[in-house]
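Colleague: coordinates for the following, if possible.
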Amino acid sequence: SSSNINRLRTSTGEHTVTVEAIGRICHYYRISAFWLLTGEGDMYSNDELAAAYRTLENRLQQVEDAIIGIQQSVATIKKSKI
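Modeller: Purely as a prediction, here's the structure:
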């Protein structure tokens with residue numbers, strides 16, 4: 001929760017984070033554990049970036065296919081009016 005995160009941020013050492021909690025945070029937010037622990041590198045792991053890129057590629061292909069379908073429909077309509 002946000003109150004737990006705030007308590008950890010303002011802690012002077014009396015509160016600690018377990019490795020399990022770090023793992024859950026990284027999994028839930030899909031962020032790199034290295035980045036979370038050090039603040040260095042990419043916030044998102046390379047695996048997450050690759051998955052996001054594949055998703056975008058697939059969506060772009062769907063849009064391109066839809067455009068081709070629309071163009072074909074328009075061509076058919078134009079031919080039928082002649």
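
Colleague: for the spatially most central residue of the chain, which non-adjacent residue is spatially closest?
Modeller: For the chain, residue 52 is the residue whose C-alpha lies nearest the centre (CA atoms, centre = their mean; 5.4 Å). Residue nearest to residue 52 in three dimensions, not counting chain neighbours: residue 44, with 7.7 Å by CB to CB, 6 or more residues apart in numbering. Just so you know, the C-beta spots here come from the backbone N, C-alpha and C atoms, and that holds for glycine as well.

Colleague: so who does the one you found touch?
Modeller: 30, 31, 32, 35, 52 (CB atoms under 8 Å, 6 or more residues apart in numbering).

Colleague: quick one: name whatever helix or strand follows the lowest-mean-pLDDT helix or strand in the chain.
Modeller: Least confident helix or strand of the chain, by mean pLDDT, DSSP states H and E, is helix 2-9 with a mean of 74. Next helix or strand after helix 2-9 toward the C-terminus (DSSP states H and E): helix 19-29.

Colleague: buried sites along that following helix?
Modeller: Residues residue 26 are the ones in helix 19-29 that count as buried (16 or more other CB atoms under 10 Å).

Colleague: by contact count, what packs against it?
Modeller: helix 33-38 (3 or more CB pairs under 8 Å, 6 or more residues apart in numbering; DSSP states H and E).

Colleague: now do the helix it packs on: distance to the chain's middle.
Modeller: Distance of helix 33-38 from its chain centroid, counting by CA atoms, centre = their mean, to the nearest Å, is 17 Å.

Colleague: so what touches the least confident helix or strand of the chain?
Modeller: So helix 2-9 is contacted by 15, 17 (CB under 8 Å, 6+ apart).

Colleague: how far off helix 19-29 does that helix point, in degrees?
Modeller: Helix 2-9 and helix 19-29 are oriented at 130 degrees to each other (axes from the mean of the first three to the mean of the last three CA atoms, to 10 degrees).

Colleague: check the offset of helix 2-9 from the chain's centre.
Modeller: 24 Å.

Colleague: what about the residue lying closest to residue 30 once chain neighbours are set aside, how many residues nearby?
Modeller: With CB to CB, 6+ apart as the criterion, residue 30 has its nearest non-adjacent residue at 4.9 Å, and that residue is residue 48. By other CB atoms under 10 Å, 16 other residues sit near residue 48.
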